[in-house]
Each structure stands twice: as structure tokens, then as C-alpha cells.
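Student: sequence and computational prediction follow.
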Amino acid sequence: MNSKDSESFALCAVLRGPAECLSYRLPESCRGLNLVGRRVVVPLGYREAVAVVVAVEEHLPAHLGKEALKDIRLVVDEAPLLPEDLMRLCQWMSRYYFHPLPSVLEAVLPSSHFAHPERYYRLTQQGRHGLQGVGRPEGKSAGGLALERAFLESGELGPKDLESLPKGWKAHLKRLESLGWISRHDVWPSLVPSTKTQKIVVLRSVPDEKRIAASAHLRRFLTVLRDSGGTCPLADLRRQVPQASYWVRKLAAEGAIGVEERDILRESPLAQDLKPRALVTLTPEQQAAVAMMIEAVSSPTFKPFVLYGVTGSGKTEIYLRLIQETVDQGRTALVLVPEIALSTQLEAQFRARFGEALSVWHSGLASGVRDDQWKKITSGQASVVLGVRSAVLSPLKNVGLIVVDEEHDVSYKQDERLRYHARDVAVMRARIANVPVILGSATPSLQSFYHGRTGRYTLVTLRKRVEGRPLPHMHIVDMRRHRGPFRVLSPELVQALKETFQDGGQAMLFLNRRGFASFFLCRSCGAVLQCPHCAVSLTYHQSLERVLCHYCGHEEAVPGLCSACGKGSMVPFGFGTERVEEELHRTFPQVKTLRMDRDTMTCASKVVQTLEAFRSQKAHVLVGTQMITKGHDFPHVTLVGVINADTSLQISDFRSGETTAQLLMQVAGRAGRGEKPGRVVLQTYNPHHHVIQAAATLDYDHFCEHELTSRRTLQYPPFTRMARVLVTGPHGHVTAQAAAELGRMGRAVQAALKAKGIPLAILGPAPAPIQKLKRRYRYNLYVKAWTAEDLQTAVESLLEQAAQQAFLASVQVTVDRDPVSSL
DNA sequence: AGCACGCCGACT
DNA sequence: GTCGGCGTGCTC
Ligand SMILES: [Zn+2]
Ligand SMILES: [Zn+2]
């Protein structure tokens, strides 16, 4: 074998590049290095790009000749940026969710790790002669002339210089480049995020007694320094000690203290100041639950648990014990929560338990904090990661346990780009790492409930509330009997509120619609005011005195006359949280209210503030959307009102029963204080609907059994596997035709698989429930199979055929596997 | 994704 | 003739 044969090639996922992985030659210097999981800079067409090495192979793919290969230009990382099991997870996601690997990696890496290069143009020798020689002012735009002048002046121009030129420079730049008068240079920004440093004062020796006695400031200086263990950030000293700068200079010169520059890791600011609850001893039931799971944690193997425990049954404490065991054994733990801003109590408990070893990860992190937390995780300084959906992709090494809290929560599903479900990805990550995974919920997803029942997952049940709190009383209010403002707050609910206030209790009112009125209707012709970009009605927001689209953000002035007929006046219909709050003020003028929805909660800290304010009884009522149903416990809430229990039931989706039941039971879990049972008032127009009835009995098991029976009859998940193929395009008829074509292909695939004995069902295509969104028309096609592998085969062959059909290039085809929403 | 190339209508 | 917008095809 000669030396040429021993060459090896790197298969690279090029970021901000094509969907397929490309092969590159390894430069001499990289022989023998394990490049997998590291970033490299590679040439790509006329430019350079950052790529992640996916594999190093001895043999080229058959379709490529050696001559076709280019060299890797630069190896960016000294060690793998992504641990091996995370690379495998990414590859699994790419295949499972039918999404290009480079794009999956873009979701994993903080964007600072694949920043855009800056493009500079330099005047060449030839160019200088050219520009000085011929002055042809005629036929050149202002931009072109300015460009030439700028080049003659400075010789090199960057993005900022170019942007400041008047219009017309772009085309001229191209021309100068093709003439060879200027040359292009791409400059990469630092692909390793910079660290923030802090000056730290370190106490080396104590100055003599006399001087200490002589200066109060020095005494204070030394006290503060000693209190913080002999090392203290300079900034803190400056804040706490007068004349600190003088004493730092003086003592440093004498060698009594040292001033050191240290790297600091910026942290999430949310729950830093919250007091955690005291440690509790486990109830016998909790102990039993820990006992069931501890073995899989101590000597890790892949084992999924469903921790099914009613609200207040103390799941958190169980997580903490098992995580502690994991950390004690030198492994790391990954904990997922639906929304970190709603989990500050949990965060405070974790912070108290794990201190510096905790890394908090959520979407609201500033980029600097995000980079630092990434570094904290990759460098092994974090042994516990607590975060939202995307934290399932955090680069933890040596994972020993994964916890998904409130696993039924739909916020684990990402409904754009890479459409993954963090719970399912967590289970796969656990499988790859061969460690246990705990799915915790008071209302497990039907899927997990089912797996728990069949034994595929181990079911661990907590039936008792820790403080022995009784279940709330449930009242169903038949709203069909009420009119006018009583359709917002029924007399029954008003009465319950009155009694609650008299008892000094607090109430929560839940309505999953924000704004004041849901839509505007023309009194004369019946037209509904719609968003110009989407097929949805515009919502009236009183505080803004505007109507807005909740899907694309479009807003406009409140309509006067109908634009359809030109004569009718537009009147508001339906109501949202804003109206509920107003009705509340009208009925109870003295009562203080807080409102929590996307309109009032503009940032994460507002959420934390509002929740704290309500917990400390600064208001009597909390009105809100989805947000108020999650996580929190409010010890003084004795009444929960569900303003419209039907809203999520109306969505025509096989999952609507499940999500409604979960929602109602989660809300119900908020009510109750001490031994006093809480009250829950469900306002509904379908008082006899089985989901409402099930919620009223608070028997989730029974609901699930019922629901599973009907899913089995209708052959819906978890008995089958589904993928939604979403076709979108800017033109209605083209999109419709493309969807129809895709439907025909789907049926061809169905026929082909049937011949192999593989059953498949194709449903649709049909216009999506929201037919137009952000100026794009939308159609759904559903592919149903009886096993995950059959679904894989079917969708793969469908996509393969679609890629060959040129006509389908004019639309966008995305696959949403295990869809949660049909919108 | 980002880039080049080619084609076309709008504008000096 | 010049400029920019858009559709098409390619990147190891
Ligand atoms: Zn009208
Ligand atoms: Zn819209």
C-alpha cells in the first residue's frame, strides 16, 4: 500500500451551507488527530465556511473522484466541541426529523460559534493604475464614483465602509472584482467566544495592628475581604468600602494583597436572589419512589421512568435526591423544565443544592451568558444543567441522568425549523448514553401513560399530596344559560370570588386568549376583520388601542367603518384576558389584580416579579393565559376559575381532548390551602362533554383509559405513528397543486409499500387549519404508519420523489414528525 | 445558506 | 449602458 492510499477524508457538515455533508481532504498536519466533533474552516464554492467534522473515513464515497476534493483550511477547535454521544444524537435527530444535519448542528451550537465572516476588498496594483489612469465620470452612478474614490483613499474597504456609500456601489464592486482591480478577503471573527474577566483581590498577609487601629476604612476593607473568604472581586470592595482604590494600591504595593485577573462565567440572573425552601424529609411514598429508581441511577443503564405524581406530591425532592446521587458518583445530570421563568422556585432549590455546579439554560439568555454557560458545560464545571427545550442539546459530558419535568407540556415541541420534541429527544439521548430518564408529570402525556402501562417505561406513582392537602371541589357552570357580561364572569363565579375575598384567599382566573376582544364583525354585512398576511382575525387590544395579529405581529388602527361594504360599523366580539380583568374591576372595584400574558410579560424578569408579587399577596386575583397554569404553587390560592374550559377543545385535532384534560387538571391543581380544599369553577358551553366531566372528577387515570380506547379504535397515536407534511408557498393555487401532487406521490408510495406488506395511510392533502400564515398558503398531508421504521421508509421515499419533481421546487415542503399542532 | 450567472425591466 | 430583482443551479 502506498502513501496515497492511506489518505483519509473528513465528512463535514458545513454550517450555513448545503443540506448534504461534503468530503474534504485532511491536511498533513491533521493525520492521526481525532477531528470528529470539532469545527473546521473549509472552502465552499467561492467562499469559506465553518463546518463540523462528522466522520473521518479511509475511503471516498463512490461518486467522488479524488481530484474533486479540497483541503480543510483550518482546524478551529483543539478538542471536540461536541461530545461523541451528542454527535450521535444530532445524527439521529437529522434522520428521525427529516432535517439536514448541518441545520441540526446550527440548532445545537450558540451562534457565536459559527458567526459570519466579514468581507474586505483590497485595491490591487493593477486596480490602482486603472483607477488613476482612466477617469470616466460619465455613465457611472454616484455609488460607483464614491466607491472608486473610497478605494483610492484607503486601499481597503470593509462592510461598514461599503454600507455608508450612496446607492449604486454593489454592481460596480462586482465589475471591479471581475476586472481584477480589487481582491476579496474574508476575515473570520473569533470563533471562540471571548471570556469576560474580573479583577479579584486576594489577601496575602495581614497588615500590622497599629495601622489597622489607625484607619476605619482599612478595618472595613479587611473585614469585607475576610468575610468573603480572603478573595473578593475588586468591584465589590469598591462598592462596600470607602477609599477602597487607595487601599488596594497601597496594600498591593506592599505585597499584603494581590490583584489578579480571573475569567468569570456570566450566569442567568433570574432566580439568584430567591430563598429556597428548607430541606424536607421524604414521605414513605417518596422514599419508595426513590428506591424504585435509585439502582438505575447508581449503576446507570437506559431505563425510562414515568413519575406520575399529583400536584404537590413532591416530585422535585425526588429529582433532587436522584440527581445528588448522580453527581456524587461523578456524573452529570440534565433537567428539562417547560419555561424557566415559570420555574424560579425550582431554580432556587437547584441553586441552593448545587451552587456553582449548576448551569441554567433558557432562550432568554443574553449571548454573553449563553456563551459562558456553554463553556461552563463543555469544560466540565457544570454538573447539573437546568433548562428549557433546547437544553436537551446541551454539550454535557458524562451524563448520568436525564429528567424531564412536566413532560406532557407542549412547549417541549418546537414548531419551526427543526421540529423536535425535547421529551422524545431526551429519551433518545438517554438511550445513547445508556442512562435512566425520568418523565415527571401530574398529567402524563397519553404516549408516556401508555408506555407506562405496557411496561415499556417503568411507572412510578405518587398518589398522596405531601401536606395531605385534600383535592379541590369542582363546579361546572353551564354558560349556555348566561348572557351579556355574565358570559365573562358567571354569577356562580362572581359568588365564589366574593366568598374567597371574604375568607382572605386569593383567586386565579384562566383564559387562553389574550387581548380584549377576539375579533371585529361588520354589523351590516357580517365581514370579519382579518390580518392581511394571515387567514386569521385581528384581535382588539384595549391597552394599545390597536388591533393585532397574534400570528405575524401585524397591527393596525381600530376599524371604524367596514372596509368590505363601506357602510356597516365594526363591533367587537369575543373576549380575552384584558376584558376579564376589566370585568373583574367593574364587579369588584376594590380588588387588586395582576395579569399575566404575552402582552404584559415582555421579559422573563417581569414574569418572575409578577409571580413573586402574587405569591406575597400583593394582589387578590391573577388573571392570565397558559402561563399561570404552569409549575407554581401559590399557598393562598383557594379559588381557580376557568373562564372558558372549551377553548382548547374546539380545535379539530385528535389530541385536543388530551391537552384540554391536562390543562384543566393542571389548573385545578393550583387550588387549595392547608387542610382547606380549594374550589375550581369550570365555565363551559359543553357541560356534558366527556373531557369536561373527566376533568370535574379529577380522575386522570380514568380519562386516559377512555382516551386510549378511542385512540385504538380510530388508530391514532400512540397506536400508530404520524408525520405531517406541510406544504407552503406564496401562491394559493400553486401551493394547492403542489400539495395535490405530493398527495398523489404519497399514494404511490403507499401502493409500493403495500406490495411489500407494509401498511400505510395517506390523509389529505387539506388546507391547514390556518390556511395562510405570514403571506404563505398552507396545506397539510398526513402520513400514518404502524411502526416508526415504516414511517421512516415512507416519508424518506416520499421526499426523495418530491426532490425530483421540479414543479415542487416552487413550494416549501417540511415534515413535522409526531406533530402536536396541526396549524 | 450564500454565491454566481443570466435574463429582464426600469432608469439614467 | 447601468442597476438591481429574481429564478436557477451548484457547492466536496
Ligand atoms: Zn360590512
Ligand atoms: Zn398575520
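Tutor: Right, received. Where do you want to start? Ligands and ions are numbered 1, 2, ... in the order given.
Student: can you give me the helices in the stretch 301-450 of chain A?
Tutor: Under the criterion DSSP state H, counting those that start in this stretch, the stretch 301-450 of chain A contains helices at A:315-328, A:344-354, A:367-378, A:422-433, A:446-454.
Student: hmm, I typed the wrong one, I wanted the stretch 51-200 of chain A.
Tutor: For the stretch 51-200 of chain A, the helices defined by DSSP H, counting those that start in this stretch occupy A:84-96, A:101-108, A:125-133, A:142-154, A:159-163, A:169-179.
Student: what's the third one packed up against?
Tutor: Contact analysis of helix A:125-133 by 3 or more CB pairs under 8 Å, 6 or more residues apart in numbering; DSSP states H and E lists helix A:142-154, helix A:169-179 as its packing neighbours. For the C-beta atoms, the positions are set from N, CA and C on the backbone; glycine is no exception.
Student: next, the angle helix A:142-154 makes with that helix.
Tutor: With axes from the mean of the first three to the mean of the last three CA atoms, to 10 degrees applied, the angle from helix A:125-133 to helix A:142-154 works out at 120 degrees.
Student: list of residues touching helix A:125-133?
Tutor: The contact list for helix A:125-133, computed with CB atoms under 8 Å, 6 or more residues apart in numbering, reads A:Leu123, A:Glu148, A:Phe151, A:Leu152, A:Leu176, A:Leu179, A:Gly180, A:Trp181, A:Ile182.
Student: re the thing from before, which of the helices of the stretch 301-450 of chain A has the lowest average pLDDT?
Tutor: When the helices of the stretch 301-450 of chain A are compared by mean pLDDT, helix A:344-354 comes last with a mean of 90.
Student: quick one: it to chain centroid distance?
Tutor: From the chain centre to the centre of helix A:344-354 is a distance of 20 Å (CA atoms, centre = their mean, to the nearest Å).
Student: which elements pack onto that helix?
Tutor: Under the contact definition 3+ CB pairs under 8 Å, 6+ apart, helix A:344-354 sits against helix A:315-328, strand A:358-361, strand A:384-387.
Student: closest to A:His217 out of the ones you listed?
Tutor: Comparison of the helices and strands packed on helix A:344-354 against A:His217 by CB to CB identifies strand A:358-361 as nearest, at 36.2 Å.
Student: strand partners (parallel or antiparallel) of that closest one?
Tutor: With DSSP bridges as the test, strand A:358-361 is paired with strand A:384-387 (parallel).
Student: buried residues, the strand it pairs with. List them.
Tutor: Buried residues in strand A:384-387, counted by 16 or more other CB atoms under 10 Å: A:Val384, A:Val385, A:Leu386, A:Gly387.
Student: hang on, the earlier thing: ranking the helices and strands packed on helix A:125-133 by burial, who's on top?
Tutor: The highest average neighbour count among the helices and strands packed on helix A:125-133, using mean count of other CB atoms under 10 Å, belongs to helix A:142-154 at a mean of 17.
Student: what residues does chain A have near ligand 1?
Tutor: Selection of chain A residues close to ligand 1 by CB under 5 Å from the ion yields A:Cys522, A:Ser524, A:Cys525, A:Ala527, A:Cys562, A:Ala564, A:Cys565, A:Gly568.
Student: which of the residues you listed fall in strands?
Tutor: Judged by DSSP state E, strands contain the following of the residues of chain A next to ligand 1: A:Cys522.
Student: just the buried residues of the residues of chain A next to ligand 1.
Tutor: By neighbour count, with 16+ other CB under 10 Å, the residues of chain A next to ligand 1 hold A:Cys522, A:Cys562, A:Ala564, A:Gly568 as buried.
Student: once you drop chain neighbours, what's closest to whatever residue of the stretch 301-450 of chain A ends up closest to ligand 1?
Tutor: Residue of the stretch 301-450 of chain A nearest ligand 1, by CB to the ion: A:Asp415 (34.3 Å). In space, and not counting its chain neighbours, A:Asp415 is closest to A:Ser821: 5.8 Å by CB to CB, 6 or more residues apart in numbering.
Student: name the SS class of that neighbour, please.
Tutor: At A:Ser821 the chain is in coil, as set by DSSP: H, G, I helix; E, B strand; the rest coil.
Student: in JSON lines: the contacts of helix A:125-133, plus pLDDT and distance to A:Gln750.
Tutor: Shown next, in JSON lines, are the contacts of helix A:125-133 (pLDDT from 0 to 100; distance: CB to CB, whole Å):
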{"residue": "A:Leu123", "pLDDT": "94", "distance to A:Gln750": "62"}
{"residue": "A:Glu148", "pLDDT": "91", "distance to A:Gln750": "63"}
{"residue": "A:Phe151", "pLDDT": "93", "distance to A:Gln750": "62"}
{"residue": "A:Leu152", "pLDDT": "91", "distance to A:Gln750": "67"}
{"residue": "A:Leu176", "pLDDT": "92", "distance to A:Gln750": "57"}
{"residue": "A:Leu179", "pLDDT": "89", "distance to A:Gln750": "57"}
{"residue": "A:Gly180", "pLDDT": "91", "distance to A:Gln750": "57"}
{"residue": "A:Trp181", "pLDDT": "92", "distance to A:Gln750": "59"}
{"residue": "A:Ile182", "pLDDT": "94", "distance to A:Gln750": "57"}
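Student: how about JSON lines for these, with distance to A:Gln373 added?
Tutor: Output for those, formatted as JSON lines (distance: CB to CB, whole Å):
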{"residue": "A:Leu123", "distance to A:Gln373": "44"}
{"residue": "A:Glu148", "distance to A:Gln373": "47"}
{"residue": "A:Phe151", "distance to A:Gln373": "43"}
{"residue": "A:Leu152", "distance to A:Gln373": "47"}
{"residue": "A:Leu176", "distance to A:Gln373": "45"}
{"residue": "A:Leu179", "distance to A:Gln373": "49"}
{"residue": "A:Gly180", "distance to A:Gln373": "47"}
{"residue": "A:Trp181", "distance to A:Gln373": "47"}
{"residue": "A:Ile182", "distance to A:Gln373": "42"}
